[in-house]
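Trainee: Here is a sequence with its predicted model. Questions after.
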Amino acid sequence: MNKRIVIIPTYNEIENIEAILLKVLSLDPVFDVLIVDDGSPDGTAQEVKRLQKANEGRIHLLERKGKLGLGTAYIEGFKIALAKGYDFIFEMDADFSHNPDDLIRLFKACATPAELKAEKLNESEAGNGDMSIGSRYINGVNVVNWPMGRVLMSYFAGFYVRFITGMKVQDATAGFVCYRKKTLETIPLDQIKFIGYAFQVEMKFTTWKYGFKLVEVPIIFTDRTKGTSKMSANIFKEAIFGVIQMKINSLFKRYQA
């Protein structure tokens, strides 16, 4: 069985879904895909089903009724991926803001030399991480097609998270991530509280608190050219105020693998 699966949440991504699926499926080494669709009225799930027929066993689909939030989409996706026995589980957007080719780099950052050797990849590129993060800010600011206001908001959100939590991650809100299986098996997924972009912060913070190794991989983030952004003021509000509450709650928790 393939060891890698990419979880992609969708809502009204009919313009992107075929292209993103075919690109991910074309990669070497091999990546399977799990689409978590929140009842897209534009027919995204139907297009996924059509593509499933030509890619048997490599495209999985979870259909949910209505918009239930990014965090719950990933949590349900993680549980499915773990149940199916995947060793490396990825998060990625559907709109090509994350370059699918960078999935290979995220895999390398979490792999051991032996795992890379098994895939006929360069063993010296093994990062031995438990979580790798496609980082927009580890080498300066690498964002394309965002207005300056949004770039500044995102960049300073990372600074804010580091200040509050003490976590040394430059891009804490990044949504392009790879987890080793043991990381997600250790984290109590049902206790993850946030459902918007603060979910990304909470997952990194929890991974860090459990003592796992986080590796940031520099990427170039390119804003979507098709479809509509799901960003809203409420999402940022959750992230800003939620981080403080998350830090306070962590003072009363024990993090033991």
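Mentor: Right, received. Where do you want to start?
Trainee: What strand or helix carries Leu184?
Mentor: Following DSSP states H and E, the helix or strand that holds Leu184 is helix 181-186.
Trainee: tell me the average confidence for that helix?
Mentor: If you average the pLDDT over helix 181-186, you get 98.
Trainee: And the residue positioned nearest the centre of the chain, how far from Leu184?
Mentor: Ranked by distance to the mean C-alpha position of the chain (C-alpha atoms, centre = their mean), the top residue is Glu91 at 2.5 Å. The gap separating Glu91 from Leu184 is 11 Å, by C-beta to C-beta, to the nearest Å. Using the backbone N, CA and C atoms, a C-beta is placed for each residue, glycine as well.
Trainee: Next: Thr173.
Mentor: Thr173 sits 19 Å away from Leu184 when distances are taken as C-beta to C-beta.
Trainee: ditto for Lys53
Mentor: Distance check for Lys53 against Leu184: by C-beta to C-beta, it reads 30 Å.
Trainee: Flag the shaky bits of the stretch 1-150 of the chain, pLDDT-wise.
Mentor: For the stretch 1-150 of the chain, residues meeting the criterion pLDDT under 70 lie at 1, 140, 145.
Trainee: Show me the strands in it, by range?
Mentor: Secondary structure of the stretch 1-150 of the chain by DSSP state E, counting those that start in this stretch: the strands cover 4-10, 32-37, 59-63, 88-91, 131-135, 143-144.
Trainee: before we move on, what about the stretch 151-257 of the chain?
Mentor: According to DSSP E, counting those that start in this stretch, the strands that the stretch 151-257 of the chain contains are 177-180, 214-218, 221-222.
Trainee: Can you name every helix or strand that the last one contacts?
Mentor: For strand 221-222, the elements it packs on are strand 143-144, judged by 3 or more C-beta pairs under 8 Å, 6 or more residues apart in numbering; DSSP states H and E.
Trainee: quick one: strands adjacent to the strand it packs on?
Mentor: Based on DSSP bridges, the strands next to strand 143-144 in the sheet, each with its direction, are strand 221-222 (parallel).
Trainee: Check what contacts the partner strand and list those residues.
Mentor: Applying C-beta atoms under 8 Å, 6 or more residues apart in numbering, the contact partners of strand 221-222 are Phe96, Ser97, His98, Asn99, Gly134, Arg136, Asn142, Val143, Val144, Asn145, Trp146, Phe176.
Trainee: Reformat those residues as CSV; add neighbour count and distance to Glu47.
Mentor: Output for the contacts of strand 221-222, formatted as CSV (neighbours: other C-beta atoms under 10 Å; distance: C-beta to C-beta, whole Å):
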residue, neighbour count, distance to Glu47
Phe96, 18, 16
Ser97, 23, 19
His98, 26, 20
Asn99, 16, 22
Gly134, 27, 25
Arg136, 27, 29
Asn142, 15, 31
Val143, 19, 29
Val144, 10, 27
Asn145, 11, 25
Trp146, 17, 28
Phe176, 24, 23
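Trainee: Can you lay out those residues as JSON lines showing distance to Leu251?
Mentor: Shown next, in JSON lines, are the contacts of strand 221-222 (distance: C-beta to C-beta, whole Å):
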{"residue": "Phe96", "distance to Leu251": "40"}
{"residue": "Ser97", "distance to Leu251": "35"}
{"residue": "His98", "distance to Leu251": "34"}
{"residue": "Asn99", "distance to Leu251": "38"}
{"residue": "Gly134", "distance to Leu251": "30"}
{"residue": "Arg136", "distance to Leu251": "30"}
{"residue": "Asn142", "distance to Leu251": "34"}
{"residue": "Val143", "distance to Leu251": "33"}
{"residue": "Val144", "distance to Leu251": "39"}
{"residue": "Asn145", "distance to Leu251": "40"}
{"residue": "Trp146", "distance to Leu251": "35"}
{"residue": "Phe176", "distance to Leu251": "30"}
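Trainee: Return the closest of those with respect to Ile192.
Mentor: When the contacts of strand 221-222 are compared for distance to Ile192 (C-beta to C-beta), Phe176 comes out closest, at 18.2 Å.
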